[in-house]
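Visitor: This is the structure alone, sequence omitted:
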């Protein structure tokens, strides 16, 4: 399990880092890299698997709404590494039964498939741009399934409270600026749960472009989970609120469930 | 008479009057630091006007931007080569860093969403995320560009030589500033490419900025020209300056008042100083008469008082007519027009008050010796000018039938010309043909779909209605219908995306380049599209509940009438194909149409109101309906002739001309007021009872020679200062210059030749029952 699916030296470094962290004295101040690595795991890899009923409200600057309701299931093949996502759409009504499958590989493009019920057709979808919108929302694919910490360089700026919670403020700058739409990200990572409480993305002009906020944190089966999150595009005024309900971890979802076959006829475990 | 006593008072206490004037002027000047300017011609319509509210609503519903700049990039050997593509990429990168640009929605090769299918994989992604490295990659890009109808004529011309980057502007951004920054960016690129920057915000904001700049240049130049001409006429610098000060002071007063009231200086009010300067030339009549009187009396004070007595009435009434001509604008709908009307009316009144106080007071300071020297030339019998004018009037008076007939014939011809007038407005054409903006617009419009954008919004009350295949097909065939218009370069709508996805999902089979059969399929396609495209791609063409669709119509011209044609075509289509979708126009092209119509017709209304107001004032002035009619003739004649020429020349009746017509009225009638006023005065002075024909003719000739000289001087002065404008780089200024020069010269000639002819011919009618 440890070695399976390792695809990148960077990943090895993280594992090594974590191992070092495990034996290091607990009192040592974690570095920015360590904070971001922990946050990545806390946010995107809790449990072996996860399933949730997600309701996304896409709200335009004048208050008009579009609603997406979907069941999102995740299965990790490896902590911090390869993952599979399955998404079953309930709403809007005309896309009911539409399904979406993502095999996520660290360090290279995902594989994505989409089932179009009206055509009874499964189509591979290109996934070169991880910064593109997820299901038309303000969240990008990376916001949903995580951006690898090794893609950025991190700097611990300060400690700061977000509401009642003590947080570490970390600035991340992409190593390959051409590949992304932001030049700088500032994250407020909760010291208690390692979850990001707030993130600010700055565009190429250095202007604030998007703001992520964790609006509600719940402990579910021992895993701290952001059950309500908002991504706001500060330039257009558009925002998306995603509410995670009915969150379950460790349901023993087999990796084999996440298959092309399931797209056409989703098993009950993935479409509830 | 109140004014008369004001003159006596001023002559008696000149120092007091001058000091008071200076104090007032300084008081108004204190307001100047608070000056705000508004260079946006769009603000002619308030933000609460129907069209702006509706356009804002459409902008919100479809996440659109009010304004867009188009950067055209042309390479005569084709833009699809690695060097040009690299430049496009680096230019786009630089544009994405510009403040004021809505960077998330900039569309060009590197950023525009492309929907393709390659070896079974559906791709919804930017067209050119990276510059092609090999010729094969360039060939692939070429194939994608020309294989997607959404791109052809939008970001690539059919001949492959032109591409465009569309840069929407954030709300409140200044189009000229962003355009200037883009110019800087492209200037750094070395290569065979040519760059063109176009779009309404560029034209509009450049025009606004230029207008202010030109005013700052032309107002002083006009002032200097007037001063020079005055000096040549009267040979006394002190008096010439005094008369100039008259204008300057009234400008300070009225602008100060405007600023004190908190109004920003809008492009219309920025023209006020030049107009006030022009109106101030009326005081030349005082000057003119003063020299004659001084020659006769040899006493300064007596001459001043007598002068004011003689010219007081016409000067007051011409001021009243001018003020009324502008004051009617106060009753118009458009706020900057109202402000302008009020501003100039106030300034005109201020000018007149100054003419009766400050000017006579200043006269007392002039050394008698100087006046004497200057006045020597002012003798009716010796002066060449006077003899010439007498001759002109004599032509009219001795051959009245011929003169009136020729005039009537000219009128008929002019009326034919007037019926040829085309009403239209095109802001880009406010720039000269060789101007950068004009060239850019022409180039891009020739190669691509067009720089002007209008929308047709299809509205249903029912949610998800747009997803019906019937609705999609309805929209699609409406597009094909609109594309038949020669002014429409390209249209696109949600139907184009649906067709595109249908085709791509079916392995790029051209047979599937159609709207699918079911509502579910449409819904799922759109969902699929929204999953990977930029949010704005879909938002720009359908609203949130899918009850409204927005059809983009790219127009190849900024003619306001182009959008009218589109609206007409939409209405025809609606009639021919009844369907439960309401179709409403919107967008900047629609705004321009409404804006143009509103301002233009407001001005035409103002014109008619001014015509009536001026006529009423003439009746009051002459205390006679008949004389008012006679006095009115040169005015009507002048205006008719000018519009006749406008009609024949093919120059379109646009906003600047409509504004001018309104303004010209109050000024063109001045000469008739002076002429008839002084003529009747002369007649009354030199005869008892009913005057005989001989006396009438002699009085007419005298009037032409003496006050007529004032009229001619006024006209020349006026024309000289406005002629400067004919060298301006903006066509409306040239129009203003040409219009006013010809108006002044024509109405002066009309008064000197035509009025005598008319008066002789109508002698019986006019003098029946004696003169007043």
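Guide: Right, received. Where do you want to start? Treat the numbers as computed from the prediction; the structure is a model and nothing was measured.
Visitor: Quick check: phi and psi on the closest residue to chain A within the stretch 251-400 of chain B?
Guide: At 26.6 Å from chain A, residue B:335 is the closest residue in the stretch 251-400 of chain B, using C-beta to the nearest C-beta. Heads up, the C-betas are built off the backbone N, CA and C, glycines and all. With angles defined as degrees, to the nearest 10, residue B:335 sits at phi -60, psi -50.
Visitor: From what I see, it and residue B:49 are in contact.
Guide: No - assessed by C-beta atoms under 8 Å, residue B:335 is found out of contact with residue B:49, at 9.7 Å.
Visitor: Within range of chain B, give me the residues from the stretch 51-200 of chain A.
Guide: Counting by C-beta under 8 Å from any C-beta of the partner chain, the positions of the stretch 51-200 of chain A adjacent to chain B are A:58, A:60-62, A:64-66, A:89, A:92, A:94-95, A:98, A:100, A:114, A:116-119, A:121, A:123-126, A:128-129, A:132-136, A:138.
Visitor: now those: which count as buried?
Guide: For those, a burial check counting by 16 or more other C-beta atoms under 10 Å in any protein chain shown picks out A:58, A:60, A:64, A:66, A:89, A:92, A:94-95, A:98, A:100, A:114, A:116-119, A:123-126, A:129, A:132-136, A:138.
Visitor: Where strands are concerned, which of the residues you listed count?
Guide: A:58, A:66, A:89, A:100, A:114, A:116, A:123-125 (DSSP state E).
Visitor: and those as TSV, adding pLDDT?
Guide: Output for those, formatted as TSV (pLDDT from 0 to 100):
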residue	pLDDT
A:58	90
A:66	86
A:89	92
A:100	90
A:114	88
A:116	89
A:123	86
A:124	87
A:125	83
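Visitor: Make JSON lines from those residues and add distance to residue A:174 to it.
Guide: Output for those, formatted as JSON lines (distance: C-beta to C-beta, whole Å):
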{"residue": "A:58", "distance to residue A:174": "26"}
{"residue": "A:66", "distance to residue A:174": "30"}
{"residue": "A:89", "distance to residue A:174": "31"}
{"residue": "A:100", "distance to residue A:174": "27"}
{"residue": "A:114", "distance to residue A:174": "28"}
{"residue": "A:116", "distance to residue A:174": "34"}
{"residue": "A:123", "distance to residue A:174": "30"}
{"residue": "A:124", "distance to residue A:174": "27"}
{"residue": "A:125", "distance to residue A:174": "24"}
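Visitor: returning to that earlier point: next, count neighbours for the residue of the stretch 251-400 of chain B closest to chain A.
Guide: 16 (other C-beta atoms under 10 Å in any protein chain shown).
Visitor: what pLDDT does it get?
Guide: On pLDDT, residue B:335 comes in at 81.
Visitor: any idea what sits nearest it, other than its immediate chain neighbours?
Guide: residue B:46 (5.8 Å; C-beta to C-beta, 6 or more residues apart in numbering or on different chains).
Visitor: hang on, that neighbour in a strand?
Guide: No - according to DSSP: H, G, I helix; E, B strand; the rest coil, residue B:46 belongs to no strand; its state is coil.
Visitor: Check it and give its pLDDT.
Guide: Looking at residue B:46, the pLDDT reads 81.
Visitor: Repeat that for residue A:154.
Guide: On the pLDDT scale, residue A:154 gets 94.
Visitor: What is the neighbour count of the nearest residue to it once chain neighbours are set aside?
Guide: Nearest in space to residue A:154, with sequence neighbours left out and distances taken as C-beta to C-beta, 6+ apart, is residue A:32 at 3.7 Å. If you count neighbours by other C-beta under 10 Å, residue A:32 ends up with 21.
Visitor: Next one: residue A:32 from residue A:266, what distance?
Guide: 41 Å (C-beta to C-beta, to the nearest Å).
Visitor: same thing with residue A:243?
Guide: Distance from residue A:243 to residue A:266, by C-beta to C-beta: 22 Å.
Visitor: do residue B:82 as well
Guide: 46 Å.
Visitor: neighbour count winner among those two?
Guide: Each of residue B:82 and residue A:266 has its neighbours counted (other C-beta under 10 Å); residue A:266 has more, 21 against 14.
Visitor: List the residues that contact the closest residue to chain B within chain A.
Guide: With C-beta to the nearest C-beta, the shortest gap between chain A and chain B falls at residue A:94, namely 3.0 Å. By C-beta atoms under 8 Å, 6 or more residues apart in numbering or on different chains, residue A:94 lies in contact with B:464, B:467, B:519-520, B:522-524, B:527.
Visitor: one more time with 10 Å
Guide: Each residue near residue A:94 by C-beta atoms under 10 Å, 6 or more residues apart in numbering or on different chains is listed here: A:117-118, B:464, B:467, B:518-524, B:526-527, B:546.
Visitor: Which single residue of chain B ends up nearest chain A?
Guide: residue B:523 (3.0 Å).
Visitor: quick one: what helix or strand has that residue in it?
Guide: helix B:519-532 (DSSP states H and E).
Visitor: Next secondary structure after that helix?
Guide: Counting by DSSP H and E, the element that comes right after helix B:519-532 along the chain is helix B:535-539.
Visitor: any idea how far residue A:116 is from the nearest residue to residue B:519 once chain neighbours are set aside?
Guide: Closest residue to residue B:519 apart from its sequence neighbours, by C-beta to C-beta, 6+ apart: residue B:467 at 5.1 Å. Distance, residue B:467 to residue A:116, by C-beta to C-beta: 15 Å.
Visitor: Ok, residue B:364 next?
Guide: In terms of C-beta to C-beta, residue B:364 sits 95 Å off from residue A:116.
Visitor: what are the ranges of the helices in the stretch 151-272 of chain A?
Guide: Under the criterion DSSP state H, counting those that start in this stretch, helices of the stretch 151-272 of chain A are mapped to A:260-264, A:268-271.
Visitor: Throw those into a markdown table and include distance to chain B and mean pLDDT, thanks.
Guide: Shown next, in a markdown table, are the helices of the stretch 151-272 of chain A (distance: least, C-beta to the nearest C-beta, whole Å; pLDDT from 0 to 100):
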| stretch | distance to chain B | mean pLDDT |
| --- | --- | --- |
| helix A:260-264 | 13 | 89 |
| helix A:268-271 | 17 | 84 |
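Visitor: For residue B:386, which of those helices is the nearest?
Guide: helix A:260-264 (101.2 Å; C-beta to C-beta).
Visitor: Could you name the helices and strands sitting against the closest one?
Guide: strand A:83-91, strand A:99-104, strand A:111-116, strand A:121-125, helix A:268-271 (3 or more C-beta pairs under 10 Å, 6 or more residues apart in numbering or on different chains; DSSP states H and E).
Visitor: Let's see that with 8 Å instead.
Guide: Packing partners of helix A:260-264 (3 or more C-beta pairs under 8 Å, 6 or more residues apart in numbering or on different chains; DSSP states H and E): strand A:99-104, strand A:111-116, strand A:121-125.
Visitor: who touches it?
Guide: With C-beta under 8 Å, 6+ apart, helix A:260-264 has contacts from A:86, A:99-101, A:113-115, A:120, A:122, A:270.
Visitor: go with 6 Å
Guide: A:99, A:101, A:113, A:115, A:122 (C-beta atoms under 6 Å, 6 or more residues apart in numbering or on different chains).
Visitor: Show the buried residues in those residues.
Guide: A:99, A:101, A:113, A:115.
Visitor: what's the last one in contact with, if anything?
Guide: Pointing back at residue A:115 there. A:99, A:122, A:263-264.
Visitor: since we're on residue A:175, how many residues are nearby?
Guide: 11.
Visitor: got the residues of the stretch 51-200 of chain B near chain A?
Guide: B:60, B:96-97, B:120-123, B:125 (C-beta under 6 Å from any C-beta of the partner chain).
Visitor: actually chain B, not the one I wrote
Guide: Proximity of chain B to chain A (C-beta under 6 Å from any C-beta) is limited to residues B:60, B:96-97, B:120-123, B:125, B:520-521, B:523-524, B:527, B:530-532, B:535, B:544.
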